[in-house]
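Chemist: from the sequence below, what's the structure:
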Amino acid sequence: MNIIEGGVTAAQGFEAAGVEAAIKYQNRKDMAMVYSRTPCKAAGVFTSNVVKAAPVRWDQEVVAHSAYVQAVVVNSGIANAATGRQGYDCCRQTADKAAQLLGISPDAVLVASTGVIGNQIPIDRLLAGVEKLAESKADTKEAGTMAAEAIMTTDTISKQVAVQIELDGKTVTVGGMCKGSGMIHPNMCTMLGFVTTDIAISKELLQEALSEDVVDTFNMISVDGDTSTNDTLVVLANGMAGNPEITSKNEDYEKFKEALHYIDTTLAKLMAGDGEGATALFETKVIHAASKEDARILSRSVIGSNLCKAAIYGHDANFGRFLCALGYSGVQFNPEQVELYFENAEKRMLIYKDGVAADYSEEEASKILASPEVRVLVDMHMGEAEATAWGCDLSYDYVKINADYRS
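Modeler: Below is the predicted model:
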């Protein structure tokens, strides 16, 4: 697998654009388009929140029932959630406009929104934005970056990644972009994400690969414990790489799954590290657990704990908080068997073993916790399963950002 520069325009046949439409924000890009020159197989996963935004309901129908997908239109600033019939009609008008301009069917257009819940999108601005997007779309790396920037809300950085693999002598590219900084919690899918690939693969296997992979990637991140109304992750595959179509779980399928896993993991970590007000990426890895599900539950419990997150922000080696989060996770274990370590890129330090604190330096432990990327490693000594979860620290700025979110 070769990691390359780029995002949603890295794969053959994909174009993108990002423009300013003044949906809510002024003097910044707030609408994006992703377009494939040929029809795509589509797969998707969506929020488990019972309150689903209109675009989520639209996209669920398109992914499930449309013969193909060829375009995605995204706006930031207003979520088009809790907007009733008018909100769903907004999705329909957006798809109709994009279809007219691109010469495709309306049911081949996905839509997505992110931002404030409860506000109606000004439809005139939205449709004018679609026109700008259709006029300016391009297949360049810069166009992909413009799209990644346009879907940001409280994000501080745009998030994109791309890789290439070889299948039967053909170069297959997978690229993606996402946005997510707040209202992030592991309950599928915790953001807006768009993955494009030129691989030839059946719709059924594309969906299966995506559904399986989110369990250990996007479902393993948390910023604030809130699952959004708009969470959407879609993968579009247009087949332009020319590889023999993958219709069974063969070696090519496994190679594609590895590439998709890298894309999903990278984007998930970028979101966790860019949590609202965050100063550090906070990772918890649980090893030697009795089962994979136990490892997932334990690691998510630690990164989701406000007390653990605050300890990371304060660089406070208060290991009792991490043990506490493990203990209330619901997984049964013997605390005296557990080993707990703090890690950064340079150093690993044993903090707790045999039911008591290890002989460690508080000063050195605090230095580890002051790193931009911090890992808590937990060895359960119960089996062979492991899992990793990602979050961020909890700073004063998180409250400030969310207290003023609608301002």
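Chemist: Ser136 contacts Ala21, doesn't it?
Modeler: No. In this structure Ser136 lies outside contact range of Ala21 using Cβ atoms under 8 Å: 11.8 Å. (C-beta placed from N, C-alpha, C; glycine too.)
Chemist: look at these two and report which has more neighbours.
Modeler: Ala21 (25 against 15; other Cβ atoms under 10 Å).
Chemist: and the residue nearest to that one when sequence neighbours are not counted, how many neighbours?
Modeler: Excluding the flanking residues, the one nearest Ala21 by Cβ to Cβ, 6 or more residues apart in numbering is Gly129, at 3.1 Å. A total of 28 residues lie near Gly129 under the criterion other Cβ under 10 Å.
Chemist: got the contact list for Gly129?
Modeler: Gly129 is in contact with Val19, Ala21, Ile23, Asp30, Met31, Asn75, counting by Cβ atoms under 8 Å, 6 or more residues apart in numbering.
Chemist: confirm that it sits in a helix.
Modeler: Yes. Gly129 forms part of a helix when assessed by DSSP: H, G, I helix; E, B strand; the rest coil.
Chemist: how close does it get to Gly115?
Modeler: From Gly129 over to Gly115 the distance is 14 Å, taken as Cβ to Cβ, to the nearest Å.
Chemist: what is in contact with the two at once?
Modeler: Shared contacts of Gly129 and Gly115, defined by Cβ under 8 Å, 6+ apart, comprise Ile23, Asn75.
Chemist: residue nearest the middle of this structure, spatially speaking?
Modeler: Ala268 (4.5 Å; Cα atoms, centre = their mean).
Chemist: pretty sure Glu373 sits against Glu343.
Modeler: No. Counting by Cβ under 8 Å, Glu343 is not a contact partner of Glu373; they are 9.2 Å apart.
Chemist: these two: who's more crowded?
Modeler: Per other Cβ under 10 Å, whichever of Glu373 and Glu343 has more neighbours is Glu343, with 17 against 14.
Chemist: bridging residues for the more buried one?
Modeler: Note on Glu343: beta-bridge partners by DSSP bridges are Arg348, Arg375.
Chemist: hmm, Val378 and it touching each other?
Modeler: No. Using Cβ under 8 Å, Glu343 is not in contact with Val378, being 11.1 Å away.
Chemist: overlap of the contact sets of the two?
Modeler: Residues touching both Glu343 and Val378 (Cβ under 8 Å, 6+ apart): none.
Chemist: need the nearest residue in space to His261, chain neighbours excluded.
Modeler: Asp213 (5.4 Å).
Chemist: how near is that neighbour to Asp264?
Modeler: For Asp213, the distance to Asp264 (Cβ to Cβ) stands at 5 Å.
Chemist: what about those two, which has more around it?
Modeler: Per other Cβ under 10 Å, whichever of Asp213 and Asp264 has more neighbours is Asp264, with 24 against 21.
Chemist: pretty sure Gln164 is touching Glu5, no?
Modeler: No. Counting by Cβ under 8 Å, Gln164 does not reach Glu5; the two are 11.0 Å apart.
Chemist: next SSE after the longest helix seen in the chain?
Modeler: Ranked by residue count under DSSP state H, the longest helix found in the chain is helix 251-273. Following helix 251-273 in sequence order, the next helix or strand is strand 281-289 (DSSP states H and E).
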